[in-house]
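# Got a predicted structure here, sequence first:
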Amino acid sequence: MPDTNRRIVVLNTGSSSLKFAAYPMMPEAPPLLSGEVEGIGNSARLRMGGEIRAVSARTPREAMEALAALPDGPLTGDIAAFGHRIVHGGPDLNHSVLVDDASLAAIEAVSPLAPLHNPPALDVLKGLQKRFPGVPHVACFDTAFHRGHPAVADRFAIPDSLYQEGVRRYGFHGLSYSYIAGAMKTQAPEIAGRRVVVAHLGSGASMCAMVDGHSVDSSMGFTALDGLPMGTRSGSLDAGVILWLQQQKGWSVDRVEDFLYHDCGLQGMSGLSNDIRVLLDSDAPLAKLAVEYFVYHAARTAGALAVSMGGIDGIVFTAGIGEHSVPIRARVLQRLAWVGFEVDAAANAAGKGRITSANSRLSAYVIPTDEERVIARETLSSIAF
């Protein structure tokens, strides 16, 4: 019988948020509790158990310390292990690992490739190691799901020597895609084993081409800057623009990095907000352009990924925008009508399950993702003896 008193604690660390969940020692059991500290560094708030309260947290690690101070929080009870989302695992960490000195050093070595995510996740992990000595930690990588890509989808047109050093197209949001690959078997069985584009659309956004639940291509590449336009990240950008900023405007490498991660995307294009809801409600011309740009590139990327699979049988929308934005889903599918998608307006408004009409040649679904569940599964599997 499983020990119902022990728990797995999952941490999903972002640059300004810390999601958490505590699970019993049973892979598919519902979480004992879950929540999020959001707005870290600027009026941080804790959402847990249907309540919202202000907390003091300038960094994700301080958010973790705030959670540790809660008598009813996730960091109480008999903790068997911690599971962490690590965005970038580099070329060598292609599966979840028990954290030791060697794996920690390997994660730190590739952290410059995910400056918004890896460093704060490692800071939280190290803080927990000090607070809970002897409790194992498992690192689960967003890049691992994509490691089986064919060479034509894995490489850039650069010398092989750089590829051998790790300069390649990794793909991200892999924990989310892993969950969707499994969830399709019960929530979208007609397309689960076929050629599917999964659209993880949120403040960070990417798309994945899946064949029989396996990734064969992705919109993101070497870093999480690539592909679709995002909340504050540029998405795909001609490398010549970066050269121009450095050579003609005299920008330093650090300034270019900060610009690409924080001042571009929907925020940069609209000059108004990185929140698609704000932009949809705005009549400002640049806000309307930013929305249309996002829709255009989502549809364009879906078409490109269909080529990667040799065709397309369906699309799944997930993550914040994908799960909750009725107009964005409708507009993406309208741009893909020529392929065979016909939106069912009522089903799309409901935002659950299949959202295409009975006459639609191809099927589109909304499936909520659950990265924390995948981390819990991987953590349980990694510590099982």
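Arrived safely, thanks for sending.
# element containing the closest residue in space to residue 370 that isn't next to it in sequence?
Spatially, and ignoring its direct neighbours in sequence, residue 370 is nearest to residue 179 (5.1 Å; C-beta to C-beta, 6 or more residues apart in numbering). From N, CA and C alone the C-beta is placed, and that goes for glycine too. Using DSSP states H and E, residue 179 maps to helix 174-187.
# helices or strands up against that helix?
Counting contacts by 3 or more C-beta pairs under 8 Å, 6 or more residues apart in numbering; DSSP states H and E, helix 174-187 packs against strand 195-200, strand 206-211, strand 214-218, strand 314-318, helix 371-383.
# Same list, these, but as CSV with mean neighbour count please.
What follows is the helices and strands packed on helix 174-187, written out as CSV (neighbours: other C-beta atoms under 10 Å):
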stretch, mean neighbour count
strand 195-200, 27
strand 206-211, 26
strand 214-218, 22
strand 314-318, 26
helix 371-383, 23
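# Out of the ones you listed, which gets nearest to residue 59?
helix 371-383 (20.7 Å; C-beta to C-beta).
# For that closest one, the averaged confidence score.
Computed over helix 371-383, the mean pLDDT rounds to 93.
# Export only the CA atoms of it, formatted as PDB.
In PDB, the C-alpha atoms belonging to helix 371-383 read as follows (Å, rounded to 0.1, in the frame of the first residue of the first chain):
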ATOM      1  CA  GLU A 371       3.300  20.400 -16.200                       C
ATOM      2  CA  GLU A 372       3.200  19.800 -12.500                       C
ATOM      3  CA  ARG A 373       1.600  16.400 -13.000                       C
ATOM      4  CA  VAL A 374       4.300  15.400 -15.400                       C
ATOM      5  CA  ILE A 375       7.000  16.500 -12.900                       C
ATOM      6  CA  ALA A 376       5.300  14.500 -10.100                       C
ATOM      7  CA  ARG A 377       5.300  11.400 -12.300                       C
ATOM      8  CA  GLU A 378       8.900  11.800 -13.300                       C
ATOM      9  CA  THR A 379       9.900  12.500  -9.700                       C
ATOM     10  CA  LEU A 380       8.100   9.400  -8.400                       C
ATOM     11  CA  SER A 381       9.700   7.300 -11.100                       C
ATOM     12  CA  SER A 382      13.200   8.600 -10.400                       C
ATOM     13  CA  ILE A 383      13.100   7.900  -6.700                       C
END
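# Could you list the low-pLDDT ranges of the stretch 101-250 of the chain?
Judged against pLDDT under 70, the stretch 101-250 of the chain has no low-scoring part.
# about what we covered before: just list the residues touching the residue nearest to residue 370, thanks.
369, 370, 371, 373, 374 (C-beta atoms under 8 Å, 6 or more residues apart in numbering).
# which residues touch residue 80?
When contacts are counted by C-beta under 8 Å, 6+ apart, residue 80 touches 6, 7, 8, 25, 135, 136, 383.
# try it again with 7 Å
The contact partners of residue 80, taken as C-beta atoms under 7 Å, 6 or more residues apart in numbering, are 6, 7, 8, 25, 383.
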